[in-house]
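Novice: Generate coordinates for the sequence data below:
(one chain, ligands or ions: 1)
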Amino acid sequence: MPDFKFAHIPSLENWIILAPRRAKRPDIHEKRGAFCPFDPGNEKREPEVYRIGGEPGDANWSVRVIKNKYPFAPIHEVIIHTSDHLRSLSDLSVEQVKLVIESFVNRFNTHLRQGTVCIFSNSGHDAGESISHSHSQLAVVPKEVPIVVPSLEEFLDYRGEHLLVKDFKIVCPPYSQWPDEVWIVPEDRGKLFGEITYEEMEALAYVLRRLVWIFEARHGQDFPYNFYIYPRRDWYVRIMPRAKIPGGFEIATGIFVNTQDPRDTMQFIKKHFFEEEEEKIKLSPAEYRRGV
Ligand SMILES: [Zn+2]
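Specialist: Sure, this is the predicted structure:
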């Protein structure tokens with residue numbers, strides 16, 4: 001069979017993707033000394049479709065985008081956040097995260113006419129990551145396949161608690177599906193992600209990196225999380241720490257049981273967002289579990 005195949009679920013406005021070849025992709029998450037295809041020196045082996053820094057094909061890049069070797073969509077790319085084999089977005093400078101966002105914008109606009117451009121990140125093994133080198137992905141979903149994801153409509157008259165940082169509102173919606181879920185909502189509403197300004201890129205880089213940083217302090221340094229950029233008009237970014245694995249009830253009903261009050265998450269963010277990073281002690285997952 002081909003690498004992937006979309007199949008409609010007849011009773012739902014939803015689809016599945018059958019992609020058995022992806023089961024063969026290497027899982028080098030925790031293997032020390034394992035070959036990392038995202039490291040510099042592999043530019044010929046993994047040809048790029050976009051880069052920032054250096055010359056095409058050389059090893060002097062800051063951000064590089066390659067095709068996913070195990071695609072599940074007609075266009076499926078990997079955005080490598082840095083040439084350093086670093087695990088976390090919070091290990092990068094704000095300037096570097098801004099280059100990552102600039103790459104997202106370039107790839108989003110490149111593929112805009114091909115379908116729904118979904119940019120997402122899996123960080124940590126329990127969040128679906130198979131290579132621990134910091135990266136995100138972009139997958140284009142064909143236009144006829146709907147995406148089932150909340151929109152910002154509910155925020156039109158949002159008066160609830162939030163934190164305003166530069167051009168963005170940080171919000172923990174009352175209908176959060178995941179514990180410690182957080183949304184980053186631009187003040188300038190109604191745009192496509194690809195229309196983000198240079199100033200907004202810088203502000204988003206700061207906000208995104210900071211949120212990952214403080215969640216690392218809360219959940220342990222290698223805590224699993226996902227984020228995605230809403231692909232349609234009125235974009236937002238949603239970060240979901242993956243402290244909880246959806247159970248049978250969620251699968252049976254589509255209704256999530258959230259064990260964390262979003263108001264507490266908002267309080268946590270407000271308390272720690274502007275803290276000096278030097279004061280932060282990063283705990284490993286083992287230390288976190290021990291309750292250090
Ligand atoms: Zn690497």
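
Novice: Can you get me a residue count around the residue nearest to K67 when sequence neighbours are not counted?
Specialist: Excluding its sequence neighbours, the residue lying closest to K67 (C-beta to C-beta, 6 or more residues apart in numbering) is E77, at 5.9 Å. Using the backbone N, CA and C atoms, a C-beta is placed for each residue, glycine as well. Neighbourhood size, E77 [other C-beta atoms under 10 Å]: 23.

Novice: So what's the model's average confidence on the strand or helix carrying E77?
Specialist: Taking DSSP states H and E as the criterion, E77 maps to strand 75-80. Mean per-residue pLDDT for strand 75-80: 98.

Novice: helices or strands up against that strand?
Specialist: strand 63-67, helix 94-111, strand 135-141 (3 or more C-beta pairs under 8 Å, 6 or more residues apart in numbering; DSSP states H and E).

Novice: How about it and the ion, touching?
Specialist: No - if you take C-beta under 5 Å from the ion as the test, strand 75-80 misses the ion, and the best it gets is 8.2 Å.

Novice: what's the answer for stretch 85-98, then?
Specialist: Yes - judged by C-beta under 5 Å from the ion, stretch 85-98 comes into contact with the ion at H85.

Novice: Residue for residue, what is the longest helix this structure has?
Specialist: helix 198-219 (DSSP state H).

Novice: Could you point out the helix or strand that follows that helix?
Specialist: strand 225-229.

Novice: next structured bit after that following strand?
Specialist: Next along from strand 225-229, by DSSP H and E: strand 237-241.

Novice: Each with direction, which strands does that next one pair with?
Specialist: strand 182-186 (antiparallel), strand 225-229 (antiparallel) (DSSP bridges).

Novice: residues touching the residue in the stretch 101-250 of the chain that the ion sits nearest to, list them.
Specialist: Residue nearest to the ion within the stretch 101-250 of the chain (C-beta to the ion): H133, separated by 3.3 Å. H133 makes contact with C36, F38, D39, I80, H85, L86, R87, according to C-beta atoms under 8 Å, 6 or more residues apart in numbering.

Novice: need those in a markdown table with secondary structure and neighbour count, can you?
Specialist: Shown next, in a markdown table, are these (DSSP: H, G, I helix; E, B strand; the rest coil; neighbours: other C-beta atoms under 10 Å):
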| residue | secondary structure | neighbour count |
| --- | --- | --- |
| C36 | coil | 16 |
| F38 | coil | 20 |
| D39 | coil | 14 |
| I80 | strand | 27 |
| H85 | coil | 13 |
| L86 | coil | 15 |
| R87 | coil | 16 |
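
Novice: Show me the shaky parts of the stretch 51-200 of the chain.
Specialist: Scanning the stretch 51-200 of the chain for pLDDT under 70 picks out 156-157.
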